[in-house]
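Chemist: Build me a structure from this.
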Amino acid sequence: MPSRIEDYALIGDCQTAALVSRNGSIDWLCLPRFDSGACFAALLGGPGHGRWVVAPKGRVHRVTRAYREGTLVLDTTFACDGGTVVVTDFMPLRERVPHLCRIVRCTRGHVRMETQLVIRFDYGSILPWVRRQGEDTIAIAGPDSLRIQSEIPLRGENFTTVGEFELHDGQEVALSATWHPSHVKAPERIDERALLHLAQRDWREWSDRCTYEGPWRNQVLRSLMTLKALTHSPTGGIVAAPTTSLPECLGGVRNWDYRFTWVRDASFTLLALIENGYTDEALAWRDWLLRAVAGDPAKMQILYGVDGYRRVEEREIDWLPGYEGSRPVRIGNAAHEQRQLDVYGEVMEAMHVARVRGFAPDPKAWAMGVALLEHLETCWPDADDGIWEMRGPQRHFTHSKMMTWVAFDRAVKRMESIGGDGPIERWRALRDHIHDDVCRRGYDASVGAFVQYYGSKDLDASLLMMPLVGFLPVTDPRVQSTIYAIQRDLVTDEGLVLRYRTDRAVDGLPEGEGVFLPCSYWLADDLAKMGRYEEARRLFERLLGLCNDVGLVSEEYDPRAGRLVGNFPQAFTHVSLVNGARQVAEPARHTRAVSSRTLPARS
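Modeler: Residues are numbered from 1 along each chain as shown. Below is the predicted model of the structure:
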């Protein structure tokens, strides 16, 4: 049985990441990349699907854990019979191959420890050939090889590599796992302690660049570090989460693979990075976006692989029983084939945010933007699958139409500011036409709100974005009544926001999911814009309280079970936290006209 989602912490090397539970078990790790097959997949099954435990053998009285200041180095402290021991887990930023390091140190008394290493490549399906090679243990299967270094003796037992050892006050031992292609000679053995020093130095140098000095700085910095950890450093792409198939409803089927990069995150993430001092990462992210969407505008996808690859076909793997029985387990994501018109708005907004925040205009990027808009001129009236990647019938979703307005609006603003080729008068007229279309067909006077799709009576929390993208000001009575309606019908007793009321007829799936945490951050932003600052602050701090003990949070939260649900940690939630902190902390900002700084959405 895997741990609760909130009982995991993240370590990573900016090309992949591992989840470490409070009990000392690494239950999820894909090598060599975020989207590779997992060699530890116990998160979605059991111990036999792969994990690495390093933990005390005796009774544990208390477990505490924390990241070392300004780093992604994790210390888990076990107070147990006989003494106290600290397990330090980290992955140094990669030079050639990935290393997973574990250093165990006794800080009081003496403690008996054990390690159990179950290596199963390809999501727990492949039992490797394990052998001794000098001082090391080598596991090989197909293209994958994992070398285990250990300062304690290890032995094979029931297809598991195990070892026991005892530490006295001041003693420590180091263990590590290094992946390399099986057809390539293994790299040199490593010095785990030297790599620990380098990992701390690298992360602290990065953290010291953070310019945010407002309230909740520690939470903001931890969220920024999480975004950095979810960045594929060679390409600049940021995965939505390092996991697949963690359920949005425990025991349900809303289980998706999020180890890919969504176009929808673009301007939201750019804003978070730029405004907090990380311009290099913002530039790398923008460049990733422009490379990924280049080509035929009609074939632009909503998500891509971390290096921009397009074929992320979805399949189900039946040998994994799923997290707490939540099946199916999915690899890949069929949403890459969907039509979601809002992504054109997000791309144009990302280009706009980059320009107004000081990035030099790129003529090639503008030429691509013109091509995207020329295509959008022909397809904006079409139905689509919407921001939430509905698996029901395509509809005329109000949010999608609103974001097509954003696309033309940002293009017009760009041409008014610095010029450029393009039919500005035609785009002005189309922008106004779309605005009128949304206001006429997307607003239902009998409901007193903008609705999920044209002709619907249902609410949708994506429309909290309306004042945030500048479609209408927060003072507009229709916007205010929409916010009130969402608070009345989509907010739970806990004060948190559902995306919409799930309905198989709309989204093609069984009912039931948690509250969607980014939507709750949008509500806090809207409340601040409305001048309801104390209410906004209370909601924001309520959301901060859902982060676990090391500052991580998932996509959704189940108020009835009191548990995090969905893939973890979720980049979109963390970026919403970062941007929301600045919005809620600075009331004076909300007295100004709605700016171009927007918070785009993703599912």
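Chemist: drop to CA atoms for contacts and neighbour counts, all remaining ones
Modeler: OK.
Chemist: Kindly state the pLDDT recorded for residue 419?
Modeler: Reading off the confidence values, residue 419 has pLDDT 88.
Chemist: ok, it to residue 359 distance?
Modeler: From residue 419 over to residue 359 the distance is 16 Å, taken as CA to CA, to the nearest Å.
Chemist: and the two? which has more neighbours close in?
Modeler: A count of neighbours by other CA atoms under 10 Å puts residue 359 above the other of residue 419 and residue 359, at 15 against 12.
Chemist: any idea how far residue 369 is from the more buried one?
Modeler: From residue 359 over to residue 369 the distance is 16 Å, taken as CA to CA.
Chemist: Ok, residue 14 next?
Modeler: Residue 14 is 29 Å from residue 369, where distance means CA to CA.
Chemist: Ok, residue 11 next?
Modeler: Counting by CA to CA - residue 11 and residue 369 are separated by 37 Å.
Chemist: Equivalent analysis for residue 276, please.
Modeler: For residue 276 relative to residue 369 (CA to CA), the value is 27 Å.
Chemist: And residue 386, by the same measure?
Modeler: Taking CA to CA as the criterion, residue 386 is separated from residue 369 by 21 Å.
Chemist: who has more neighbours, these two?
Modeler: Neighbours around residue 386 and residue 369, counted as other CA under 10 Å, are more numerous at residue 386. The numbers are 28 against 23.
Chemist: tell me which residues of the top strand by length along the chain are tucked away?
Modeler: Of all the segments of type strand in the chain, defined by DSSP state E, the longest one is strand 99-118. Under the neighbour-count criterion of 16 or more other CA atoms under 10 Å, strand 99-118 has 99-108, 110-113, 115-118 buried.
Chemist: partners of that strand in the sheet?
Modeler: Sheet pairing here is set by DSSP bridges, and for strand 99-118 it gives strand 51-56 (antiparallel), strand 83-90 (antiparallel), strand 160-168 (antiparallel), strand 172-181 (antiparallel).
Chemist: Can you tell me what sits against the next helix or strand after that strand?
Modeler: Scanning forward in sequence from strand 99-118, with DSSP states H and E defining helices and strands, the next element found is helix 121-124. Outside helix 121-124, the residues within contact range by CA atoms under 8 Å, 6 or more residues apart in numbering are 37-42, 48-50, 127-128, 141, 144, 320.
Chemist: what about residue 12, how many neighbours?
Modeler: The burial count assigned to residue 12 is 28, neighbours taken as other CA under 10 Å.
Chemist: Over to it: give its phi and psi.
Modeler: The phi and psi values for residue 12, taken as degrees, to the nearest 10, are phi -170, psi 170.
Chemist: Same question for residue 60.
Modeler: The main-chain torsion angles of residue 60 are listed as degrees, to the nearest 10 and equal phi -100, psi 130.
Chemist: same thing with residue 375?
Modeler: Summarising the backbone geometry of residue 375 under the convention degrees, to the nearest 10, its torsions are phi -70, psi -40.
Chemist: Isn't it up against residue 296?
Modeler: No - counting by CA atoms under 8 Å, residue 296 is not a contact partner of residue 375; they are 9.2 Å apart.
Chemist: Between these two, which is the more surrounded one?
Modeler: residue 375 (15 against 11).
Chemist: Mean pLDDT per helix and strand in the chain: which one sits at the bottom?
Modeler: Taking mean pLDDT, DSSP states H and E as the measure, the helix or strand of the chain with the lowest value is helix 504-507, at a mean of 76.
Chemist: for it, which positions count as buried?
Modeler: residue 507.
Chemist: contacts for that helix?
Modeler: Identification of contacts with helix 504-507 by CA under 8 Å, 6+ apart yields 390-393, 510-511.
Chemist: Most neighbours of all these, which one?
Modeler: residue 390 (20 neighbours).
Chemist: Poorly predicted segments of this structure, please.
Modeler: By pLDDT under 70, the low-scoring segments of the chain are 587-603.
Chemist: And the closest residue to residue 74 other than its chain neighbours, how close does it get to residue 290?
Modeler: What sits nearest to residue 74 in space, not counting adjacent residues and going by CA to CA, 6 or more residues apart in numbering, is residue 67, at 4.4 Å. Shown here: residue 67 relative to residue 290, a distance of 34 Å by CA to CA.
Chemist: The helix ranked longest in the chain: which residues count as buried?
Modeler: Longest helix in the chain by number of residues (criterion: DSSP state H): helix 398-418. Of the residues in helix 398-418, 398-412, 414 count as buried by neighbour count, 16+ other CA under 10 Å.
Chemist: just stretch 298-317 next, same as before
Modeler: Taking 16+ other CA under 10 Å as the criterion, stretch 298-317 shows 300-308, 310, 312 as buried.
Chemist: ok, which stretches of the stretch 401-550 of the chain are strands?
Modeler: Secondary structure of the stretch 401-550 of the chain (DSSP state E, counting those that start in this stretch): strands located at 443-444, 449-450, 515-516.
Chemist: So which of those is nearest residue 247?
Modeler: Taking CA to CA as the criterion, strand 515-516 is the member of those that comes nearest to residue 247, at 12.5 Å.
Chemist: which residues touch the closest residue to residue 344 other than its chain neighbours?
Modeler: Once its chain neighbours are removed from consideration, residue 344 has its nearest residue in residue 407; the separation is 6.0 Å (CA to CA, 6+ apart). Residue 407 sits next to 344-349, 373 when contact means CA under 8 Å, 6+ apart.
Chemist: Buried subset of these as a ChimeraX selection?
Modeler: Provided next is the ChimeraX selection string for whichever of the contacts of residue 407 are buried by 16+ other CA under 10 Å:
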select :344,345,346,347,348,349,373
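Chemist: Where helices are concerned, which of the contacts of residue 407 count?
Modeler: Counting by DSSP H, the part of these found in helices is 344-349, 373.
Chemist: Pick the one among these closest to residue 254.
Modeler: residue 346 (24.9 Å).
Chemist: so what's the backbone phi/psi at the closest residue to residue 303 other than its chain neighbours?
Modeler: Once flanking residues are discounted, residue 303 sits nearest to residue 262: 4.2 Å by CA to CA, 6+ apart. The phi and psi torsions at residue 262 (degrees, to the nearest 10) take the values phi -100, psi 130.
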